[in-house]
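1. Pasting the sequence and the predicted coordinates here, then a few questions.
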Amino acid sequence: MSGIFEILTAGERSFRFRLTADDGTVVAVSPKFPDIQALVAGISAVRENAATGFVVDHRALGATQ
C-alpha cells in the first residue's frame, strides 16, 4: 500500500505535511513551508526521491546497538 500525505497548518501563514503509513505510523514530518505551492513542491520532491534514494549508514564501523 501507499502512505498518506497530510497537509497541516503551522501558524497563521505556514504549512507542513506529515507522511503516515497505512497503519497510522508517522513516517516523516516536514519543515514549515511559507505557502501551499512550496508545500506541494516539497511533497513532489519526496515522492520523486524516496523510491530512488540511497541508504547511507553513518555509524562508526564496528559499533553495535
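-> Thanks, I have the structure now.
2. In space, not sequence, find me the middle residue of the protein.
-> Centroid-nearest residue in the chain: A28, 4.0 Å away (criterion: Cα atoms, centre = their mean).
3. Direction included, what does the helix or strand that contains it pair up with?
-> Per DSSP states H and E: A28 is located in strand 26-29. Strands that pair with strand 26-29, judged by DSSP bridges, come out as strand 15-20 (antiparallel).
4. Just the residues contacting the partner strand, thanks.
-> Contacts to strand 15-20, defined as Cβ atoms under 8 Å, 6 or more residues apart in numbering, come from residues 3-10, 26-33, 35-36, 39, 42-43, 46. In this view, the C-beta of every residue, glycine as well, is placed from N, C-alpha and C.
5. Compute the number of surrounding residues for the closest residue to S14 other than its chain neighbours.
-> Nearest residue to S14 in three dimensions, chain neighbours excluded: K32, at 4.3 Å (Cβ to Cβ, 6 or more residues apart in numbering). The number of residues packed near K32 is 14, by other Cβ atoms under 10 Å.
6. can you check L39 too?
-> By other Cβ under 10 Å, neighbour count at L39 equals 21.
7. now swap in R59 and tell me
-> For R59, using other Cβ under 10 Å, the count is 8.
8. What residues of stretch 35-52 count as buried?
-> Applying a neighbour-count criterion of 16 or more other Cβ atoms under 10 Å, one finds L39, G42, I43, V46 buried in stretch 35-52.
9. Off-centre distance for stretch 46-60?
-> Distance of stretch 46-60 from the chain centroid (Cα atoms, centre = their mean, to the nearest Å) equals 12 Å.
10. What average pLDDT does it get?
-> Throughout stretch 46-60, pLDDT has a mean value of 87.
11. now stretch 14-31
-> Averaging pLDDT along stretch 14-31 yields 95.
12. what about it, how long is it end to end?
-> Stretch 14-31 has an end-to-end distance of 10 Å (criterion: Cα to Cα, to the nearest Å).
13. Repeat that for stretch 9-18.
-> End-to-end distance for stretch 9-18: 11 Å, by Cα to Cα.
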